[in-house]
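Visitor: coordinates for the following, if possible.
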Amino acid sequence: MAIKPVKRTAHTEFLLHDYESSRNYNVRDFLCISKRISTEATVVACDLYHIPCYDAWYHEFLLVHVDISERLMLVVERNPSHENMWVILSGGVAKDTITVVRVREDHDYWKGVYPTPVCKGSLRWHGSSPHLLDIGFFASAASKTSKYYNLYIRQCLWYARVVLAAMEMVFPHCSREGTTLFSRIIARIYTRLPDA
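Guide: Next up, the predicted model:
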């Protein structure tokens, strides 16, 4: 059965209904939905945020700015599937999600429950830029590469920065603000690998 593309006027409603301020997707569902949207929804910018905390808890995520017929934002992040410390340390299944919001203040991170997120760095595209499908693809690829959460190597920092590095490598016509250091290091490693 062929998947019919959604009409151009219906794409925002498909991601987020008019009565919703936010909607959460797992990355696999988001990828399927972004394949069905037949628009040229482009990514304008991608910000790397972290939530500082004094009790040793630290979280990083991406805030992706998408232009469709209106500006939407996507919070791309990885969390452990359970808050159990054993699962976090031993590598339980990760919960990788993409949350669609109209304005960032609609997300829990900006509603005052957590310390205010701090932007560490940004990528802004001027020429060829990623599309909605690319975000779904990069997030899904990172999830499939490592589906288990591990506090030491495959946590939220790894996930956010791998997706950011992929966007920067595939769509290099962007300006950088702040730190995207991890992206540059990964880019150097991948460019030095011999062709298979």
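Visitor: roughly how far apart are the residue nearest to P52 when sequence neighbours are not counted and A160?
Guide: Nearest non-adjacent residue to P52, counting by Cβ to Cβ, 6 or more residues apart in numbering: P115, 5.7 Å away. Placement of C-beta: from N, CA and C, glycine included. Applying Cβ to Cβ, to the nearest Å, the value for P115 to A160 is 17 Å.
Visitor: now L132
Guide: Taking Cβ to Cβ, one finds L132 at 18 Å from A160.
Visitor: what's the helix or strand for the residue nearest the centre of the chain?
Guide: Nearest to the mean C-alpha position of the chain, by Cα atoms, centre = their mean, lies V76 at 2.8 Å. Using DSSP states H and E, V76 sits in strand 71-80.
Visitor: what's that strand packed up against?
Guide: strand 59-67, strand 94-101, helix 132-145, helix 156-170 (3 or more Cβ pairs under 8 Å, 6 or more residues apart in numbering; DSSP states H and E).
Visitor: using TSV, lay out these together with distance to H17, mean pLDDT and mean neighbour count.
Guide: Below are these laid out as TSV (distance: least, Cβ to Cβ, whole Å; pLDDT from 0 to 100; neighbours: other Cβ atoms under 10 Å):
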stretch	distance to H17	mean pLDDT	mean neighbour count
strand 59-67	17	91	22
strand 94-101	10	89	22
helix 132-145	17	91	20
helix 156-170	26	89	21
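Visitor: any chance of these in CSV, with distance to L31 too?
Guide: Shown next, in CSV, are the helices and strands packed on strand 71-80 (distance: least, Cβ to Cβ, whole Å):
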stretch, distance to L31
strand 59-67, 14
strand 94-101, 9
helix 132-145, 4
helix 156-170, 13
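Visitor: nearest to L123, out of those?
Guide: Of all the helices and strands packed on strand 71-80, it is helix 156-170 that lies closest to L123, at 5.9 Å by Cβ to Cβ.
Visitor: now the very next helix or strand once past the closest one: buried residues?
Guide: Following helix 156-170 in sequence order, the next helix or strand is strand 174-178 (DSSP H and E). Across strand 174-178, burial judged by 16 or more other Cβ atoms under 10 Å covers C174.
Visitor: repeat that for stretch 108-121.
Guide: 109-110, 117, 120-121.
Visitor: biggest separation within the residues you listed, which pair?
Guide: Farthest pair in the buried residues of stretch 108-121 (Cβ to Cβ) is W110 and G121. Separation: 18.4 Å.
Visitor: I'm done for today, thanks for sticking with me.
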